[in-house]
Every structure is written in C-alpha cells, then in structure tokens.
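In: okay, here's the prediction I keep looking at, along with the sequence it came from:
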Amino acid sequence: MAADKDPITCHILDTTAGKPAKGVRVKLEGGHAPLKTFESQTDDDGRIKSWLPYSSEHEAGDVPIYTLEEVLGEVDTTSTWTLRFYTEAYFGEGNTFFPEVVVTFRVAKGQHYHVPLLLSPYSYTTYRGS
C-alpha cells in the first residue's frame, strides 16, 4: 500500500458547481466490534486520502491511537464500513434535501477502496472507484 493514502479513500464532486467539494467533513466507521471511527475533511481537490482516529469532545480519557491500516489488518475476511458525509454543512443549513449522505459497503482484506460521491443539493450517486 502506498504510504500517501489509506486503504479507504473518497472523493466528492459538486455536480451543481462542476468542481470538487472542498472542506466537507466525513466520518468513517467499521471493523469488528467494538467499531472504530475515523474522521477527515476533503482537501482542495475534494479528496480524502488519510484518516485520523475520531475522539468525541464529550468522551473523557485518552485520545484513541490506531490507524486504519492496523484496524483493517485485524480483519480476517470481510468487514462492513460506513462513510457519513456531512453535506448540509457544505451547502448551508436548509439548502439541501440530504443533510447527510451515508454509504455502507463491504471491505475485503488487502484491497483498496475508493468511494467517489457525485453530489448536488437534491441528488447524489456513488460507486466503487479505483
């Protein structure tokens, strides 16, 4: 695996503006119980190439220290993962029919998954990219 990107990446294109969706917050959750949660924000090109462990501001204790690659390495066969795109913050409150877009998918050990999201205020589509 290339060191510059994690095994699960995503890309958001704003189809209304015809450009990448910059600054969208995204959460990634999956693995085996207890599920692990990661978060990131799209870059200037609308891409997320790496994830940080999620630590809620309401949780007390140590900051979680694990990588996506480590979590995926613990999975023997397949696992289910969910991407949660916070789209209302991108479009502005009340300016989209979908305040969040949630995509759930299966991950097989040793594979790379790229999940593009084509997004507008009133529609979206996604697929497994490469």
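Out: Arrived safely, thanks for sending.

In: which of the helices or strands spans Arg84?
Out: Take DSSP states H and E as the rule and Arg84 turns out to sit in strand 78-85.

In: please point out which parts of the helix or strand of the chain with the lowest mean pLDDT sit buried.
Out: Ranked by mean pLDDT, DSSP states H and E, the weakest helix or strand in the chain is helix 68-73, scoring a mean of 89. Across helix 68-73, burial judged by 16 or more other Cβ atoms under 10 Å covers 68, 71-72. For glycine as for every other residue, the C-beta is placed from the backbone atoms N, C-alpha and C.

In: could you pull out the strands for this protein?
Out: Taking DSSP state E as the criterion, the chain carries its strands at 8-14, 19-20, 25-30, 36-41, 47-48, 52-53, 78-85, 101-108, 113-120, 123-126.

In: starting at the chain centroid, how far to the first one?
Out: Yep, that's strand 8-14 we're talking about. 8 Å (Cα atoms, centre = their mean, to the nearest Å).

In: the strands of the chain into JSON lines, with extra columns for mean neighbour count?
Out: Output for the strands of the chain, formatted as JSON lines (neighbours: other Cβ atoms under 10 Å):
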{"stretch": "strand 8-14", "mean neighbour count": "22"}
{"stretch": "strand 19-20", "mean neighbour count": "14"}
{"stretch": "strand 25-30", "mean neighbour count": "19"}
{"stretch": "strand 36-41", "mean neighbour count": "19"}
{"stretch": "strand 47-48", "mean neighbour count": "22"}
{"stretch": "strand 52-53", "mean neighbour count": "14"}
{"stretch": "strand 78-85", "mean neighbour count": "18"}
{"stretch": "strand 101-108", "mean neighbour count": "14"}
{"stretch": "strand 113-120", "mean neighbour count": "20"}
{"stretch": "strand 123-126", "mean neighbour count": "14"}
